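Visitor: This is a predicted model, with the sequence first.
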Amino acid sequence: MSMIVDMLPLRVRYSDTDQMGTFYNSRPLEWFECARTELIRSKMGMSYAELEAKGFYLPVVEAHLEFHSGARYDDLLEITSKASFSSRARLHFDMLVTHSGSGKVCVRGFTVHAFTNRQGRPVRPPEWFCELFEAAALRNTAPPAES
């Protein structure tokens, strides 16, 4: 199965925290969105806005979160995202949010996205998207160049 992996550093903002001093329970879904968007941009070479401009959308159809530990204002986190096709027309993003440095897990989860057209009807991913995905997956697994 082809997979694309990316890592996004993220600093916990004051607005991410709640009265208990840790991040609010809905924030990881927003963090996941940041990581997905940047994975598509940095690994596939296109923005999500470009995908939409071509008439394709990736709405969330399933989400799962497991909370392991907290994170406080100004903590530096790392979001590791792994994208793969879970079926012909669905993208699966595994997410792992850890404290930078210690590697302690904050949140683990995933989201599943269906391809739809402008009218919200399910469609197969366009061939050009599949080609970009496969090329990114190949680059992701290529051995490092020798010096």
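Guide: Nice, thanks for sending it over. Residues are numbered from 1 along each chain as shown.

Visitor: From the centroid of the protein, which residue is nearest?
Guide: By Cα atoms, centre = their mean, the chain has its centre lying nearest to residue 36, at 2.7 Å.

Visitor: Secondary structure element for that one, which one?
Guide: In this assignment (DSSP states H and E), residue 36 forms part of helix 27-44.

Visitor: pretty sure residue 106 contacts residue 98?
Guide: Yes - counting by Cβ atoms under 8 Å, residue 106 touches residue 98, with 6.4 Å between them. Just so you know, the C-beta spots here come from the backbone N, C-alpha and C atoms, and that holds for glycine as well.

Visitor: Look at the two and report which has more neighbours.
Guide: More neighbours surround residue 106 than the other of residue 106 and residue 98, with 23 against 20 (other Cβ atoms under 10 Å).

Visitor: residues contacting the closest residue to that one other than its chain neighbours?
Guide: Using Cβ to Cβ, 6 or more residues apart in numbering and skipping the chain neighbours, the partner closest in space to residue 106 is residue 97 (4.5 Å). The contact partners of residue 97, by Cβ atoms under 8 Å, 6 or more residues apart in numbering, come to 10, 28, 31, 71, 77-79, 105-108.

Visitor: residues contacting residue 139?
Guide: Per Cβ under 8 Å, 6+ apart, neighbours of residue 139: residue 43.

Visitor: Can you tell me the SS state at it?
Guide: helix (DSSP: H, G, I helix; E, B strand; the rest coil).

Visitor: distance of it from residue 10?
Guide: Separation of residue 139 from residue 10 (Cβ to Cβ, to the nearest Å): 23 Å.

Visitor: Please name the bridge partners of the residue lying closest to the residue nearest to the centre of the chain once chain neighbours are set aside.
Guide: Nearest residue to residue 36 in three dimensions, chain neighbours excluded: residue 93, at 5.5 Å (Cβ to Cβ, 6+ apart). Bridge pairing for residue 93 (DSSP bridges) gives the partners residue 83, residue 111.

Visitor: just to revisit the earlier point, sort out which of the contacts of residue 97 are in helices and list them.
Guide: 28, 31 (DSSP state H).

Visitor: Show me which of the contacts of residue 97 are buried.
Guide: Among the contacts of residue 97, the ones that count as buried by 16 or more other Cβ atoms under 10 Å are 10, 28, 31, 71, 77-79, 106-108.
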